[in-house]
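Peer 1: For reference, the sequence and a predicted model appear below.
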Amino acid sequence: MIPAKICNFETTDAKAVLKAYVDDYAEVWINGQMPRRSGYPSPATIQGLNMPNRVVLADVVKPGDKFQIAIFGINEPISVAPENFVWFRAAKVEFFR
């Protein structure tokens, strides 16, 4: 849930962006949908290899807004199960004006 304030920052009307780091392959789903547009790379997919995966939750938020976030991660190659584990370093929500 979006709080009214984070320290001195008021979140009302800010842009909310989820940033997650997953190695090797990741998909981010927001409210049951994977954000994507035809003809453009999907911002929520195949960002792995420890690169930040950024997904806009909303261009304008207000206190109390809720988002259901699901992050799918898998090691590659997908056709052969690797011997190591999926590495999930961090996930956070950033706010911008």
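Peer 2: Thanks, I have it. Note that this is a predicted model, so its numbers are computed, not measured.
Peer 1: pretty sure L57 contacts A16?
Peer 2: Yes. Shown here, L57 and A16 form a contact pair, counting by Cβ atoms under 8 Å, at 4.1 Å. (Each C-beta comes from the backbone N, C-alpha and C, glycine too.)
Peer 1: hey, what's in contact with both of the two?
Peer 2: Common contact partners of L57 and A16 (Cβ atoms under 8 Å, 6 or more residues apart in numbering): F67, V93.
Peer 1: Strands along the chain, start to end?
Peer 2: For the chain, strands defined by DSSP state E occupy the ranges 5-6, 9-10, 15-23, 25-30, 52-58, 69-74, 87-96.
Peer 1: Tell me where the model's unsure across this structure.
Peer 2: The model of the chain has pLDDT under 70 over residues 37-49.
Peer 1: Grab the most central residue of it for me.
Peer 2: L18 (4.1 Å; Cα atoms, centre = their mean).
Peer 1: need the strands of the chain in CSV with distance to A81, can you?
Peer 2: CSV is the format used below for the strands of the chain (distance: least, Cβ to Cβ, whole Å):
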stretch, distance to A81
strand 5-6, 40
strand 9-10, 43
strand 15-23, 15
strand 25-30, 13
strand 52-58, 22
strand 69-74, 9
strand 87-96, 15
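Peer 1: doesn't V86 make contact with I78?
Peer 2: No. Look at I78 against V86 with Cβ under 8 Å: they stay out of range, at 11.9 Å.
Peer 1: And the two? Which one has more around it.
Peer 2: Remark: of I78 and V86, V86 carries more neighbours, 15 against 10, as counted by other Cβ atoms under 10 Å.
Peer 1: which residues sit in contact with K15?
Peer 2: V56, A58, D59, V60, V61, F95, F96, R97.
Peer 1: now L18
Peer 2: V28, I30, R54, V55, V56, L57, F67, I69, A91, K92, V93, E94.
Peer 1: now it: how far from F95?
Peer 2: Computed as Cβ to Cβ, to the nearest Å, the L18 to F95 distance reads 11 Å.
Peer 1: any idea how far F9 is from M34?
Peer 2: The separation that F9 has from M34, given Cβ to Cβ, amounts to 29 Å.
Peer 1: Kindly report the same for V86.
Peer 2: 18 Å.
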